[in-house]
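> pasting a predicted model and its sequence here:
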Amino acid sequence: ISIFRKVRVLFRIETSLFEGLVMEYINVTIRPMTTEDLPSVMEIEHLCFIDPWREDQFHYEMKENPYSNPWVVELSNSNSDNVAVVGFCIYWQTFDSATICQIAVHPGIQRRQLGSAMMDEIINDCYAKRVQTLTLEVRASNTQAINFYKKHGFETVVTKPHYYTDGEDALYMTRRVDIF
């Protein structure tokens, strides 16, 4: 399984949140989520989602749900003296199917392939575990996310009317895992 690997990438981070990481080689690590990550995860959760999860829900995913795979993506500079959790994902695996529950990257550094790195790791991990189908629900109005999922091979199967608490519809999307 390829998760928890480090890769080096060069890109500019223009937000003050990640000062000190600007225009240098950055180590990108995808690893299991820990309770120490929750302040960053909760900040990203509230910035990215209309109806954010509560902290106790993340604790449940990390500590109690045997089907859950909660991961974070962290950036560190080349000396590893400046580390920041900048994204996270949670997916559930049951037998030969898996469901992506959450995937998010801090809005200040979106569109730099970090979400794609997490998605690739989810797909690779599912493939290694012999998962056949990967599913998710996404708000029908979230065109940025829908395009991201389509880029990664997901197709809309059905619309779930009034799926979200505010009454918005969800698109139910799937992809085969054994097709790259």
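Yep, that arrived.

> residues in contact with residue 68?
For residue 68, the contact set (C-beta atoms under 8 Å, 6 or more residues apart in numbering) comprises 61, 62, 90, 91, 92, 101. All C-beta atoms are positioned from the backbone trio N, CA, C, and that covers glycine.

> wait, a strand at the fifth one?
Yes. Going by DSSP: H, G, I helix; E, B strand; the rest coil, the assignment for residue 92 places it inside a strand.

> bridging across strands, which residues link to the residue nearest to residue 105 when sequence neighbours are not counted?
In this structure, residue 105 finds its nearest non-sequential neighbour in residue 87, 3.8 Å apart by C-beta to C-beta, 6 or more residues apart in numbering. Beta-bridge partners for residue 87, by DSSP bridges, are residue 73, residue 105.

> quick one: contacts for residue 87?
With C-beta under 8 Å, 6+ apart, residue 87 has these contacts: 44, 72, 73, 103, 104, 105, 106, 114, 115, 118.

> and what of residue 151?
residue 116 are the contacts of residue 151 under C-beta under 8 Å, 6+ apart.

> could you check how far it is from residue 145?
According to C-beta to C-beta, to the nearest Å, residue 151 and residue 145 sit 11 Å apart.

> then the helix or strand hosting residue 75 to CSV, C-alphas only?
Element membership for residue 75, per DSSP states H and E: strand 68-77. Taking Å, rounded to 0.1, in the frame of the first residue of the first chain, the C-alpha atoms of strand 68-77 are listed here in CSV:
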residue,chain,number,x,y,z
SER,A,68,-13.3,4.1,9.0
ASN,A,69,-10.1,5.3,7.4
PRO,A,70,-9.4,8.9,8.5
TRP,A,71,-6.3,10.5,7.0
VAL,A,72,-4.7,13.9,6.9
VAL,A,73,-2.4,15.5,4.3
GLU,A,74,0.3,17.6,5.9
LEU,A,75,2.9,19.9,4.4
SER,A,76,6.3,20.5,5.9
ASN,A,77,9.3,22.5,4.6
